[in-house]
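Chemist: Sequence and predicted model, in that order:
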Amino acid sequence: MEHPPQPDGHCRVIRSALMYEGKQHLQFFAGIAAETVGARNICMHLQTIPPAGSGRAHKHDHHETAIYVIKGAVGAWYGDDLQHYLEARQGEFIYIPASTPHMPVNLSDSQPAEVVLARTDPREQESTVLLPDLESRRPLPAD
């Protein structure tokens, strides 16, 4: 994909019709990124996690991630061995420090979860490092 020029002082509107599958095997709607507007320090996209779905274990080398849950509820395993777990529901935010391994899951068996993702990596998928060895070691949630 040809990269647009660096920002030239003009604001832009992105009508997010382009959907793609990311390295994490989840669906994204393309939003703000180096590829769409020439962003230098940020990307922001919409992501859908299907019912009972999860993304691949991964990290974003040197880039922080902020997530806002628009619809549904998501869980996230995180840490060097995915040993920690958190949940966030509609209207809540999640912060993931740079280079922290994590794996998102949709907590609903019947409804998709929708989130807004913002990352300090302007090239949305470039810093995504898959961690397949961690996926089989994911602990079960505590009851």
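Modeler: Yes, it's here.
Chemist: ok, A88 - contacts?
Modeler: A88 sits next to I67, V69, A73, V74, A76, I94 when contact means CB atoms under 8 Å, 6 or more residues apart in numbering. For the C-beta atoms, the positions are set from N, CA and C on the backbone; glycine is no exception.
Chemist: Which of the residues you listed has the largest number of neighbours?
Modeler: Within these, most neighbours by other CB atoms under 10 Å means V74, with 26 neighbours.
Chemist: V74 and N106 touch, don't they?
Modeler: Yes. Counting by CB atoms under 8 Å, V74 sits close enough to N106 to count as a contact (6.1 Å).
Chemist: Are there residues contacting both of those two? Which ones?
Modeler: Counting by CB under 8 Å, 6+ apart, the contacts common to V74 and N106 are I49, A113.
Chemist: returning to what we had before: now for the contacts of A88, which pair is the farthest apart?
Modeler: Across these, the longest distance by CB to CB is 12.2 Å; it joins I67 and A73.
Chemist: At which residues are the strands of the protein located?
Modeler: Using DSSP state E, the strands found in the chain span residues 19-21, 27-32, 43-49, 58-60, 65-71, 73-78, 84-89, 93-96, 102-106, 113-119, 128-130.
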